[in-house]
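Engineer: Please work out how this folds:
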Amino acid sequence: MFIKTYTTTIKRILRSPLFWMALVVVAVLVFMRTYNGLYTGVEGLSHSDTDPEFRLGYHKYHEMMANLLRDMMLYLIPCLCVVAVMTVISGDYTDNFFENERAGGVKSVTYFFGRLSAILTVLLTITLVFSFFSVNYYFFTRG
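Structural biologist: Next comes the predicted model:
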């Protein structure tokens, strides 16, 4: 029953128009933040990363890869988490979850961990894709 709950939750999240709208907003904000630049003053230099004299080194790439989730987790991904959990919970409310759980003989622990695992899978995948995209896009556009 864990697998069934897991797949159903993923389908419910991905079918929600509200989730897709929130995902588009997050994607635009990530793209804009990456496009505008991540460094405004580096190592005592007064110029920004959009100047032609600015060069990124290998050490900066490793530094950004080590901290890439920190920038994403500040405000974008928590908002997306709230939307994803809201779509799952609202679906439980409209489907009369407690009656279905009792009739099907589903254990609460199995149901809970199936839902939690599905939400974490979707959001971790999105976080990693956006994080890797933002770092690599930034380095390719800055030379």
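Engineer: Going toward the C-terminus from the lowest-mean-pLDDT helix or strand in the chain, what's the next helix or strand?
Structural biologist: Every helix and strand in the chain was compared by mean pLDDT, DSSP states H and E; the lowest is helix 97-104, with a mean of 63. Sequence order places helix 108-142 as the next helix or strand after helix 97-104, per DSSP states H and E.
Engineer: Now do the buried residues in whatever helix or strand residue 21 lives in.
Structural biologist: Assigned by DSSP H and E, residue 21 falls within helix 17-36. Neighbour-count burial for helix 17-36, counted by 16 or more other C-beta atoms under 10 Å, picks out 19, 22, 23, 26, 30, 34. Every C-beta, even on glycine, is put in place using the N, C-alpha and C of the backbone.
Engineer: where does the nearest residue to the last one once chain neighbours are set aside land on pLDDT?
Structural biologist: Okay, so that is residue 34. Closest residue to residue 34 apart from its sequence neighbours, by C-beta to C-beta, 6 or more residues apart in numbering: residue 134 at 4.3 Å. Predicted confidence (pLDDT) for residue 134: 81.
Engineer: what number of residues lie near residue 134?
Structural biologist: Using other C-beta atoms under 10 Å, residue 134 has 20 other residues around it.
Engineer: Please name every helix or strand in contact with the helix holding residue 21.
Structural biologist: Helix 17-36 sits against helix 76-94, helix 108-142, with contacts defined as 3 or more C-beta pairs under 8 Å, 6 or more residues apart in numbering; DSSP states H and E.
Engineer: how about a cut-off of 10 Å?
Structural biologist: Applying 3 or more C-beta pairs under 10 Å, 6 or more residues apart in numbering; DSSP states H and E, we find helix 17-36 packed against helix 2-15, helix 68-73, helix 76-94, helix 108-142.
Engineer: List the buried residues in the third one.
Structural biologist: Taking 16+ other C-beta under 10 Å as the neighbour-count basis, helix 76-94 is seen to contain the buried residues 76, 77, 80, 81, 83, 84, 87, 88, 91, 92.
Engineer: Including pLDDT and distance to residue 63, could the buried residues of helix 17-36 go into JSON lines?
Structural biologist: Rendered in JSON lines, the data for the buried residues of helix 17-36 read as follows (pLDDT from 0 to 100; distance: C-beta to C-beta, whole Å):
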{"residue": "19", "pLDDT": "94", "distance to residue 63": "32"}
{"residue": "22", "pLDDT": "93", "distance to residue 63": "29"}
{"residue": "23", "pLDDT": "93", "distance to residue 63": "28"}
{"residue": "26", "pLDDT": "89", "distance to residue 63": "24"}
{"residue": "30", "pLDDT": "83", "distance to residue 63": "19"}
{"residue": "34", "pLDDT": "76", "distance to residue 63": "16"}
